[in-house]
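Student: Provided below are the primary sequence and the corresponding predicted coordinates.
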Amino acid sequence: MQQNIFEGRIIKENIKDLYKLGDELGSGSYGIVRIVHKRSYKQKKFALKSIHRDRLNEDIVSLDRELDILMNIDHPNIIGFEEMYMDNEYFNFVTQLCMGGDLFGKLGEAKKGRFNER
C-alpha cells in the first residue's frame, strides 16, 4: 500500500547514496530532521525530514497530503520542497534549509505577546 500511493512522485533510492547526512536539527515521534548536502554538490545545504515507515500505518494519508501540499505550493514564506525518497526504512523529504530555530520557539521568546516579523 505505501508504495502504490506515492507512485510517480517519489524516488526509490537510499538517501545516503545521494546525500551526506549532517547534524540533527530536531526529532519527534515519527522521525528526525537533519542538515544534508548532495554528494555531487556540497555547497548547498538542505533539510532532510526522515519518517520511519513502520510508524506511519494509518497516517499514510497524512503523509500523502503533506507531499501534495509541498509539491504544489510555491510561496516565499513557505519552505521549498526539493524531492522525496523512499528506502526500506524511511520516507525522506528533502526541503529548503531554514536556519534560526522553529516558529514555536521564536514565539515563546517574544516579549509581551508581540513578535517582530523581521
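Tutor: Received, thanks.

Student: identify the residue nearest the geometric centre of this protein.
Tutor: Nearest to the mean C-alpha position of the chain, by C-alpha atoms, centre = their mean, lies K49 at 3.3 Å.

Student: identify the residue nearest it in space, chain neighbours excluded?
Tutor: F93 (4.2 Å; C-beta to C-beta, 6 or more residues apart in numbering). Where C-beta positions appear, they are placed from N, C-alpha and C, glycine not excepted.

Student: how about D54?
Tutor: E89 (7.8 Å).

Student: contacting residues around D17?
Tutor: D17 makes contact with R39, according to C-beta atoms under 8 Å, 6 or more residues apart in numbering.

Student: part of a strand, is it?
Tutor: No - assessed with DSSP: H, G, I helix; E, B strand; the rest coil, D17 is helix; it does not lie in a strand.

Student: does the residue nearest to the centre of the chain touch N92 like I think?
Tutor: Yes - under the criterion of C-beta atoms under 8 Å, K49 makes contact with N92 at 7.1 Å.

Student: who's in contact with the longest strand seen in the chain?
Tutor: In the chain, taking DSSP state E as the definition, the longest strand is strand 41-52. Contact with strand 41-52 is made by 15, 19-22, 25, 30-38, 63, 79, 82, 89-98, as judged by C-beta under 8 Å, 6+ apart.

Student: among these, the buried ones, what's the PyMOL command?
Tutor: Buried residues among these (16 or more other C-beta atoms under 10 Å), as a PyMOL selection:
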select buried, resi 15+19+25+30+31+32+33+34+35+36+37+63+82+90+91+92+93+94+95+97
